[in-house]
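Asks: here's my sequence, what's the structure:
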Amino acid sequence: MMNSNFLKNCLGETTSQKPVWMMRQAGRYLPEYRELRARFPSFLDFVANPEAASEATVQPIRRFDLDAAILFSDILVTLPPLGLDLSFVSGQGPRVANPVQSMKEVRGLSTFDSEKVFSYTRLAIEKTKGKLPSHVPLLGFVGGPLTVASYAIEGKSSKDLLNSKKFFYQDPSAYEAFLEKMASVTGEYLTLQADWGCDALVIMDSWAGHLSLEDYVSMALPYTKKVIEIAKRTGKPIIHYANGAPHLLGEILKLDISAFGLDWRMNLSDLLVKYPIHVFQGNLDPALLFAPPSEIRERTHEILNQVKDRPHIMNLGHGILPETPIEGVQAFLQTIRDF
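Replies: Predicted coordinates:
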């Protein structure tokens, strides 16, 4: 294993300096990213271009002192191979023109050869591994089955997942068939990323918090477990992140994985006491990077002081916001390095 503070902490080893990376660290807050993105009329074309995806991945590593890179991609890339008409509309986000809302549509989903379909991911990983410093691991990632399936069911972003819940309540057999399909596709894709060279794996279940505990246990948890079961065969560390889900944490923390991402709403000090052997990631509020540097340093110090005697991965509690000032990022990272 490479000599990486990130990987050491993932695997439960305490290091004197805490590793740090940021969700969405390759993104619109970087001027070099905006310049690169402007070369592609379609976001999906951008993601599927191995050289561009590799370049976007390494941009934040060149600019900042980060302990991990995460492959530039999108959680929804598994939808088009299934026959779903995915597009990204400027100012509106992803759209699925033919949403899945019945057993007929579930049965009509395409089957595909993941190694062939995602060959651009393999090439992007190979190019990126050749550019990264030897001590910086590369993270592969997928969206949680619930989150990705809900985009396909809703046809767009949703604040309440109403169509997904209706699908589950009114046609549970069709919902289960769809989520089983998504879990298999997701697990296979995550495993391939590890096989192709990624050093650790991340499952991002961004919409889990929209569910009650009872619904989460039925609608999402079994399929997340299936993805983990498939990906565990790689032997690579796995991190799970769920947004807005403090009420689900009791179930999430039973997952057989290496580390658990926390959003900024969760009380880290309480969790450290309650779960003394778990490895956590996070959980600074992304909006705090807009604060004066003194405030950023103070709040970052609060986290560092709480976790100094145990393994921990420093990160934000969600993805970095597009308007984030570079100075805010620098204050956050420098505080960690100076601690």
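Asks: separation between P246 and K274?
Replies: Counting by C-beta to C-beta, to the nearest Å, the gap from P246 to K274 is 12 Å. Where you see a C-beta, it was placed from the backbone N, CA and C, and this is true even at glycine.
Asks: looking at these two, which one has more neighbours?
Replies: Counted by other C-beta atoms under 10 Å, P246 and K274 do not tie: P246 has more neighbours, with 15 against 12.
Asks: OK, contacts around that one?
Replies: Listed by C-beta atoms under 8 Å, 6 or more residues apart in numbering, the contact partners of P246 are 263, 265-266.
Asks: switch to 10 Å and redo it
Replies: Residues counted as contacts of P246 (C-beta atoms under 10 Å, 6 or more residues apart in numbering) are 209, 252, 262-263, 265-267, 271.
Asks: likewise R24?
Replies: R24 is in contact with 60, 70, 72, 286, 316, 318-322, 324, counting by C-beta under 10 Å, 6+ apart.
Asks: and the helices in the stretch 101-250 of the chain?
Replies: All helices of the stretch 101-250 of the chain, identified by DSSP state H, counting those that start in this stretch, fall at 103-107, 114-117, 119-131, 145-154, 162-170, 172-195, 213-219, 221-231, 249-252.
Asks: elements contacting the last one?
Replies: With contacts defined as 3 or more C-beta pairs under 10 Å, 6 or more residues apart in numbering; DSSP states H and E, helix 249-252 has these neighbours: helix 213-219, helix 221-231, strand 238-242, strand 259-261, helix 268-274.
Asks: would a markdown table of the ones you listed with distance to P19 be doable?
Replies: Output for the helices and strands packed on helix 249-252, formatted as a markdown table (distance: least, C-beta to C-beta, whole Å):
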| stretch | distance to P19 |
| --- | --- |
| helix 213-219 | 29 |
| helix 221-231 | 21 |
| strand 238-242 | 12 |
| strand 259-261 | 11 |
| helix 268-274 | 16 |
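Asks: ok so, going back, out of the contacts of P246, which are buried?
Replies: 209, 252, 262-263, 266, 271 (16 or more other C-beta atoms under 10 Å).
Asks: circling back to that earlier point, which one (most neighbours) among the contacts of R24?
Replies: L316 (28 neighbours).
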